[in-house]
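Chemist: pasted the sequence and its predicted model underneath.
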Amino acid sequence: MPDSWRGLSFGAFIAPFHPPDENPTLALERDLELIELLDRLGYDEAWVGEHHSGGWGTLAAPEVFLAAAAQRTRHITLGTGVVSLPYHHPLTVAGRMVLLDHLTRGRVIFGVGAGSLPSDAHMIGLDPGERRECMEHALAAIVRLLDDPAPLTVETPWFELRDATLQLRPYSRPSLRLAVASSMTPSGMRLAGRYGAMPLSLAAFYPGGLGVLPAQWEAAEASAREHGRTIDRADWRLVVPVHVAETREQALSEVREGGLRLLREYFHATLGLPTEFGANGRGGIEAMLDAGAAIVGTPDDCCAGIMRLHEASGGFGGLLVVCADWASPERTARSFELLARRVIPRFRGSTDGLVRSQRWVSENREWLMRAGAPRAPQASAGGAR
């Protein structure tokens, strides 16, 4: 494995996606249990999103959910993926995130976005076409509140701040880690570059998404230069569905039905998204694999898929596995376990020393065994007694 890939981080992106005919209370508990498992398995990050409509996404307050997850975990970093800024006043968002930063002792990343569902914006009386502008206004105010204790007064078309300041300063130093979501357009990447934030790319999850990744990174770098910031590929997170099993056929069979339902009932029927992944026949998952929009197979297949993503993007710093609820809870847990046992070590180099040691002993076993063989007892000078 090339040395440039040794620092790759791994985590989960829990939107969540749950079929609307399932018990929502149990589904939320299952999400918490999954984060507990990820923490025990040594994953780096777990991200959860915000949705208010559409049936499949049931987390209305990611900060509340992550506060519960923090009490069940010890090491894993918890990220909002994402807080939809146009739906909240900037002062209250900043205050809630600082509180979560203290409750987790700095184990939090503040991920932001414009909101993915037009229906969410409609319900609060917001023109969906204005979400991007609202987000940019809100983010500018929040960054100022987090970084500078001086009172802030600002007025925009949709919110106002008067002598606003955070009485509780961030636990993290110098401030909260910031991430900005990006899909197919470069706007999110430009905003990430403007603030030197972590880009959170969902483009690889879309038809044709792999092809836009290099241009997206160029947009982020250009924006960072324009605003006197720096941005590092090590902070770039790619969000991709992944499922691992002992054989390729088993992995495909475990996700085919659930994946097709997600494509048909959520992305196509609910959101109306044009997608060649498809609603036609049982070829949905296979079409996603052909497009590089998912990784399904053995641990070897998974390693190869991650390397293809790395080459297509020009290099990234972290892989976030989309928890799509396309396999049973038991198979999903098994997939994450296989990923932790058989894939992540290859990108961390954590087994290199063990492999070298075994190979060296094997290659030199003959003389080592001779040197270590017990010797016959020597007779004394006076002869045997």
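Modeler: Happy to help now that I have it.

Chemist: now for the one helix or strand Glu63 maps to, which elements pack on it?
Modeler: With secondary structure defined by DSSP states H and E, Glu63 is part of helix 62-72. Contact here means 3 or more Cβ pairs under 8 Å, 6 or more residues apart in numbering; DSSP states H and E; on that basis helix 62-72 packs against helix 24-41, strand 45-48, strand 77-80, helix 90-103. Where C-beta positions appear, they are placed from N, C-alpha and C, glycine not excepted.

Chemist: at 10 Å what do you get?
Modeler: strand 9-14, helix 24-41, strand 45-48, strand 77-80, strand 83-84, helix 90-103, strand 108-113 (3 or more Cβ pairs under 10 Å, 6 or more residues apart in numbering; DSSP states H and E).

Chemist: got the buried residues for it?
Modeler: Pro62, Glu63, Phe65, Leu66, Ala67, Ala69, Ala70 (16 or more other Cβ atoms under 10 Å).

Chemist: determine the angle, from 0 to 180 degrees, between that helix and helix 24-41.
Modeler: Calculated by axes from the mean of the first three to the mean of the last three Cα atoms, to 10 degrees, helix 62-72 forms an angle of 50 degrees with helix 24-41.

Chemist: quick one, helix 62-72 and helix 90-103 angle?
Modeler: Using the same axes, to 10 degrees: helix 62-72 against helix 90-103 is 0 degrees.

Chemist: now helix 62-72 and strand 108-113, what's the angle there?
Modeler: Using the same axes, to 10 degrees: helix 62-72 against strand 108-113 is 160 degrees.

Chemist: gap between helix 62-72 and the chain center?
Modeler: 16 Å (Cα atoms, centre = their mean, to the nearest Å).

Chemist: over to stretch 15-31?
Modeler: Worked out by Cα atoms, centre = their mean, stretch 15-31 lies 19 Å from the chain centre.

Chemist: and for it, what's in contact with it?
Modeler: Applying Cβ atoms under 10 Å, 6 or more residues apart in numbering, the external contacts of stretch 15-31 come out as 12, 14, 34, 46-51, 54-59, 65, 68-69, 81, 116, 202, 239, 241, 258, 261-262, 265-267, 270, 322-326, 329, 332-333.

Chemist: could you flag which of the residues you listed are buried?
Modeler: 12, 14, 34, 46-51, 54, 56-59, 65, 69, 81, 116, 202, 239, 241, 258, 262, 265-267, 270, 322-326, 332-333.

Chemist: from Val239, how far out is the residue nearest in space to the middle of the chain?
Modeler: Centroid check for the chain by Cα atoms, centre = their mean gives Leu320 as the closest residue, at 2.9 Å. Note on Leu320: its distance to Val239, by Cβ to Cβ, to the nearest Å, is 5 Å.

Chemist: mutual contacts of these two, please.
Modeler: Common neighbours of Leu320 and Val239 (Cβ under 10 Å, 6+ apart) are Gly11, Ala12, Phe13, Trp47, Gly81, Leu200, Ser201, Leu202.

Chemist: what's the closest of those residues to Ser175?
Modeler: Leu200 (17.7 Å; Cβ to Cβ).

Chemist: isn't that closest one right next to Ser182, touching?
Modeler: Yes - using Cβ atoms under 10 Å, Leu200 is in contact with Ser182, at 6.6 Å.

Chemist: pull up the overlap in contacts between the two.
Modeler: Gly113, Gly188, Met189, Ala192, Trp236, Val239.

Chemist: what's near enough to touch the second one?
Modeler: This points to Gly188. Gly188 neighbours (Cβ under 10 Å, 6+ apart): 82, 112-114, 132, 135, 179-182, 197, 199-203, 216, 219-220.
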